[in-house]
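Undergrad: only geometry, no sequence info:
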């Protein structure tokens, strides 16, 4: 993982959120899919997830502590956006984080939501 961060935006309804992605092979493969809009399902009232039909490169680890706002890949095809913090023994590939996690949690709620992703530079 490099120190370079890639700016992306997430949109839920009319609310736009800034996020930072770590510059590595997983996020570069994800960025190739942008712009992208997906229906993300709620799971355990702490995360939203979406299963891609294809696979992304992975480099998973056990993060231990999940923080609200974390963007991770579970397995090789499941994008996960966390809106609650908790401990976990599952393995994930860290992709980045949503900058205003508290506001994201409010917008995400405990229901399924449609989330649009785009590179920040495309919004200007």
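TA: Received it, and whenever you're ready, just let me know what you need. The model shown is predicted, which means the values in this text are computed figures rather than measured ones.

Undergrad: And for the residue nearest to residue 47 when sequence neighbours are not counted, the neighbour number?
TA: Spatial nearest neighbour of residue 47, chain neighbours left out: residue 82 (4.8 Å); criterion: Cβ to Cβ, 6 or more residues apart in numbering. Placement of C-beta: from N, CA and C, glycine included. Other residues near residue 82 number 26, with proximity taken as other Cβ atoms under 10 Å.

Undergrad: For residue 108, grab phi and psi.
TA: The phi and psi values for residue 108, taken as degrees, to the nearest 10, are phi -70, psi -40.

Undergrad: now residue 31
TA: The phi and psi torsions at residue 31 (degrees, to the nearest 10) take the values phi -60, psi -30.

Undergrad: now residue 45
TA: Main-chain dihedrals, residue 45, degrees, to the nearest 10: phi 50, psi 30.

Undergrad: Tell me who's in contact with it.
TA: 84, 110 (Cβ atoms under 8 Å, 6 or more residues apart in numbering).

Undergrad: Can you check the pLDDT for the residue nearest to residue 47?
TA: As predicted, residue 82 sits at a pLDDT of 97.

Undergrad: what does the one 5 residues further on give?
TA: As summarised for this prediction, residue 87 has a pLDDT of 96.

Undergrad: okay but it is in contact with residue 67, surely?
TA: No: counting by Cβ atoms under 8 Å, residue 87 sits too far from residue 67 to count as a contact (10.8 Å).

Undergrad: The two: who's more crowded?
TA: A count of neighbours by other Cβ under 10 Å puts residue 67 above the other of residue 87 and residue 67, at 13 against 8.

Undergrad: ok, now which ones touch that one?
TA: Residue 67 neighbours (Cβ under 8 Å, 6+ apart): 82, 85, 97, 101.

Undergrad: go again using 7 Å as the cut-off
TA: By Cβ atoms under 7 Å, 6 or more residues apart in numbering, the contact set of residue 67 is residue 85.

Undergrad: thinking again about what came up before, the residue nearest to residue 47 and residue 48 touch, don't they?
TA: No: Residue 82 lies out of contact with residue 48 (Cβ atoms under 7 Å); the separation is 8.2 Å.

Undergrad: Please name the bridge partners of the most centrally placed residue in the chain.
TA: For the chain, residue 71 is the residue whose C-alpha lies nearest the centre (Cα atoms, centre = their mean; 3.1 Å). Beta-bridge partners for residue 71, by DSSP bridges, are residue 81, residue 96.

Undergrad: Kind regards, and thank you for your time.
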